[in-house]
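Chemist: Curious how this folds, go ahead:
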Amino acid sequence: MEGNERQVFRPYLSNEQVVRHPATQTDYYTGTLLTETGEVKLVLGRTDQTNVSAALETGQALNHFTPRYAFFVGVAGGLKDVDLGDIVIGKDVYGYERGKTTADGFKARPGAGNSSYVLERTATHFVQSKEWKDIARQLPNGTFQSPINIVTGTIASGEKVDGAVTSELHTFLQQHCNHALAVEMEGFGFLEAARQHPQVHALVVRGISDLVDDKSKSEGLGSQPYASANAAAFTIALIKQLYSA
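Modeler: Take a look at the predicted model:
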């Protein structure tokens with residue numbers, strides 16, 4: 001998760017401690033979460049923007065902590081079928097930057113990373129549960145819609161911020177990735193790193209913090225912390241579901 005998003009998770013932790021990686025001195029918050037079957041240890045890491053950073057930080061954390069589950073949680077821009085504060089469960093993440101330049105223009109050769117099938121199916125099913133619907137009704141919504149919607153689908157991931165519907169990037173995404181629900185900058189790198197750890201179930205969870213056609217206005221209303229809080233609440237509830245009796 002990104003730095004700001006990590007802070008949203010800290011209130012959910014009991015017995016919080018700061019742990020540093022012995023080689024790099026990277027800091028992690030660790031603590032416990034009470035579930036039906038007992039306490040579960042959580043580790044909160046962070047990554048800077050870009051898929052390269054996400055891949056490096058993810059690989060380091062997975063090697064050091066050897067978890068059973070890994071989640072990349074943060075915010076994303078909405079491309080279609082989503083509104084502010086909604087959550088996208090990343091069934092797959094489409095790395096749109098890859099390609100070849102030719103005399104006839106750029107030829108896209110995208111990569112794709114897939115979330116764990118079992119974890120994605122569990123998350124998608126959990127959305128319809130009474131447990132989650134009860135939690136969702138209690139989430140503060142400020143000036144935004146309530147309750148939030150959660151959808152499962154494709155997320156586009158690259159090294160650029162899609163800041164306007166008139167931009168060259170937005171046109172490219174419409175042409176080459178028109179099935180994507182959201183766009184961000186880290187999920188593909190996270191899944192590439194997780195792929196090297198087959199014992200880990202990995203999932204990308206994104207809260208929609210802005211819509212490309214009205215980006216600055218939504219950010220001014222506080223949509224980013226709102227989207228971060230929603231994504232964190234869903235992820236924590238999902239973890240508890242994974243450890244339910």
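
Chemist: From now on I want contacts and neighbour counts done on CA atoms only, so please keep to that.
Modeler: Fine.

Chemist: May I have the distance across stretch 140-157, first residue to last?
Modeler: 29 Å (Cα to Cα, to the nearest Å).

Chemist: no no, stretch 213-222
Modeler: One end of stretch 213-222 sits 17 Å from the other (Cα to Cα).

Chemist: Stretch 66-85 now?
Modeler: 31 Å.

Chemist: Tell me the buried residues in that stretch?
Modeler: 67, 69-79, 82-85 (16 or more other Cα atoms under 10 Å).

Chemist: how about the strands in this protein?
Modeler: 14-20, 27-35, 38-44, 69-78, 87-95, 99-102, 105-108, 111-114, 150-157, 180-184, 201-211 (DSSP state E).

Chemist: out of the ones you listed, deepest packed?
Modeler: Of the strands of the chain, the one with the most neighbours on average (mean count of other Cα atoms under 10 Å) is strand 201-211, at a mean of 27.

Chemist: packing partners for that one?
Modeler: For strand 201-211, the elements it packs on are strand 69-78, strand 87-95, helix 117-126, helix 187-194, helix 215-220, helix 223-242, judged by 3 or more Cα pairs under 8 Å, 6 or more residues apart in numbering; DSSP states H and E.

Chemist: closest one to residue 150 among the ones you listed?
Modeler: For residue 150, the closest of those is strand 87-95, at 4.7 Å, according to Cα to Cα.

Chemist: That closest one: partners in the sheet, and parallel or antiparallel?
Modeler: The strands beside strand 87-95 in its sheet (DSSP bridges) come out as strand 111-114 (antiparallel), strand 150-157 (parallel), strand 201-211 (antiparallel).

Chemist: Can you list the neighbours in contact with the shortest one?
Modeler: Contact with strand 111-114 is made by 90, 91, 92, 93, 94, 95, 96, 98, 188, 191, 192, as judged by Cα atoms under 8 Å, 6 or more residues apart in numbering.

Chemist: got the CA positions of it in CSV?
Modeler: In CSV, the C-alpha atoms belonging to strand 111-114 read as follows (Å, rounded to 0.1, in the frame of the first residue of the first chain):
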residue,chain,number,x,y,z
GLY,A,111,1.3,-7.6,-19.6
ALA,A,112,-1.3,-8.9,-17.2
GLY,A,113,-1.1,-9.9,-13.5
ASN,A,114,-3.8,-12.0,-11.9
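
Chemist: Please identify the buried residues of stretch 238-245?
Modeler: Buried residues in stretch 238-245 (16+ other Cα under 10 Å): 238, 239, 240, 241, 242.
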